[in-house]
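Novice: My questions are about this predicted structure, shown below with the sequence.
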Amino acid sequence: MINYQEIRKRLRPMQDVVFYIPLSEDEVVELEKVIGFDFPDYYREFLLHFGFQQDFVPGLFTSKEEFIEQNGYLKESMADYLMIGDNGGEDFWVLRTEKVRSQRVFNWIGDTVEKTDFNFEDLIDYALEQLEDFDIEFLNNADKSWCVQFAITTTDEASLYSTLPLVADGEWKSLGKSDAGVDESIRDIKLNNQPMSLRRLNYDEWSAPTYFIDYKESIDSVMRHGLIKQWTAILKDKYPEFDLIDYGILPTDFEME
């Protein structure tokens with residue numbers, strides 16, 4: 001088995017440049033129910049120690065929503081594999097889910113599975129070697145944010161201002177109509193006392209307009225307060241068509257469009 005406690009010890013000197021939020025046992029159990037089977041022990045332990053929101057092992061899915069979505073596609077053609085990420089190209093990384101001792105990582109290309117020359121522990125070892133290479137410069141956590149977009153479809157705009165710590169700070173301004181007939185408007189708002197914009201798209205044949213808010217939460221806030229996580233749970237409960245577009249952990253100056 002992979003010694004995750006030892007890995008955490010190796011990461012301590014890099015705590016200013018490494019970020020991760022472990023999943024709870026209940027969260028992993030719920031994920032296994034959604035996917036439809038138990039995860040390989042070594043991957044399950046990884047989630048319990050580091051979760052999805054981590055930035056020290058490149059290539060692994062950093063969003064629970066993407067993990068669920070991609071495994072939904074995989075399950076349609078292959079039921080004995082679990083998708084965990086990709087190599088940055090068109091090849092997805094998958095693990096065998098049978099009770100096997102091997103931690104081998106496979107590439108899923110189209111509907112074909114090909115064996116790679118590395119296993120799951122190799123991915124972690126390579127990431128640690130990179131972090132311990134003092135010639136490589138990494139972004140400090142103080143300069144990172146969790147970047148998301150809230151997409152809320154509703155006919156009750158007023159409810160947005162009571163559901164979130166949201167205050168209108170100006171009137172709606174029209175940005176015009178697209179060639180497809182979609183009206184776009186924007187207004188200044190403050191969310192959690194931070195100035196930003198609320199964007200609205202509307203189309204005559206839609207049942208309701210959709211409102212968009214781009215939001216960045218600092219890593220310190222993610223660790224201390226978890227505002228995006230809290231708001232996402234509230235919005236999912238109130239608005240059936242709510243969607244979270246998760247850009248991931250990125251430099252705070254990343255421009256969301």
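Specialist: Ah, there it is.
Novice: contacts and neighbour counts: CA atoms only from here.
Specialist: Will do.
Novice: Please enumerate the strands of this structure.
Specialist: With strands called from DSSP state E, the chain shows them at 81-86, 92-96, 104-109, 112-119, 144-153, 166-168, 173-177, 183-191, 194-202, 210-218, 243-251.
Novice: Let me have those strands in JSON lines, extended by mean pLDDT and distance to Tyr43.
Specialist: Listed next are these as JSON lines, based on pLDDT from 0 to 100; distance: least, C-alpha to C-alpha, whole Å:
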{"stretch": "strand 81-86", "mean pLDDT": "94", "distance to Tyr43": "9"}
{"stretch": "strand 92-96", "mean pLDDT": "95", "distance to Tyr43": "9"}
{"stretch": "strand 104-109", "mean pLDDT": "92", "distance to Tyr43": "11"}
{"stretch": "strand 112-119", "mean pLDDT": "92", "distance to Tyr43": "11"}
{"stretch": "strand 144-153", "mean pLDDT": "96", "distance to Tyr43": "23"}
{"stretch": "strand 166-168", "mean pLDDT": "97", "distance to Tyr43": "39"}
{"stretch": "strand 173-177", "mean pLDDT": "96", "distance to Tyr43": "47"}
{"stretch": "strand 183-191", "mean pLDDT": "98", "distance to Tyr43": "37"}
{"stretch": "strand 194-202", "mean pLDDT": "97", "distance to Tyr43": "38"}
{"stretch": "strand 210-218", "mean pLDDT": "97", "distance to Tyr43": "27"}
{"stretch": "strand 243-251", "mean pLDDT": "91", "distance to Tyr43": "20"}
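Novice: With mean neighbour count and distance to Lys75 as extra columns, can I get the ones you listed in TSV?
Specialist: Shown next, in TSV, are these (neighbours: other C-alpha atoms under 10 Å; distance: least, C-alpha to C-alpha, whole Å):
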stretch	mean neighbour count	distance to Lys75
strand 81-86	21	8
strand 92-96	22	11
strand 104-109	20	12
strand 112-119	12	13
strand 144-153	21	27
strand 166-168	16	40
strand 173-177	13	40
strand 183-191	18	38
strand 194-202	17	34
strand 210-218	20	31
strand 243-251	17	22
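Novice: need these in a markdown table with distance to Thr232, can you?
Specialist: Below are the strands of the chain laid out as a markdown table (distance: least, C-alpha to C-alpha, whole Å):
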| stretch | distance to Thr232 |
| --- | --- |
| strand 81-86 | 23 |
| strand 92-96 | 28 |
| strand 104-109 | 31 |
| strand 112-119 | 34 |
| strand 144-153 | 8 |
| strand 166-168 | 14 |
| strand 173-177 | 27 |
| strand 183-191 | 14 |
| strand 194-202 | 16 |
| strand 210-218 | 12 |
| strand 243-251 | 7 |
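Novice: Which of those sits closest to Gln53?
Specialist: strand 243-251 (7.6 Å; C-alpha to C-alpha).
Novice: Among the strands of the chain, which comes closest to Tyr126?
Specialist: strand 112-119 (10.5 Å).
Novice: What helices and strands are in contact with that closest one?
Specialist: Using 3 or more C-alpha pairs under 8 Å, 6 or more residues apart in numbering; DSSP states H and E, the elements in contact with strand 112-119 are strand 104-109.
Novice: what's the angle between the strand it packs on and strand 81-86?
Specialist: Counting by axes from the mean of the first three to the mean of the last three C-alpha atoms, to 10 degrees, strand 104-109 lies at 80 degrees to strand 81-86.
Novice: What pairs with strand 104-109, parallel or antiparallel?
Specialist: Using DSSP bridges, the strands paired with strand 104-109 are strand 92-96 (antiparallel), strand 112-119 (antiparallel).
Novice: can you redo those as CSV with distance to Phe67?
Specialist: Below are the strands paired with strand 104-109 laid out as CSV (distance: least, C-alpha to C-alpha, whole Å):
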stretch, distance to Phe67
strand 92-96, 11
strand 112-119, 18
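Novice: of all the ones you listed, which lies closest to Asp143?
Specialist: Comparison of the strands paired with strand 104-109 against Asp143 by C-alpha to C-alpha identifies strand 92-96 as nearest, at 29.2 Å.
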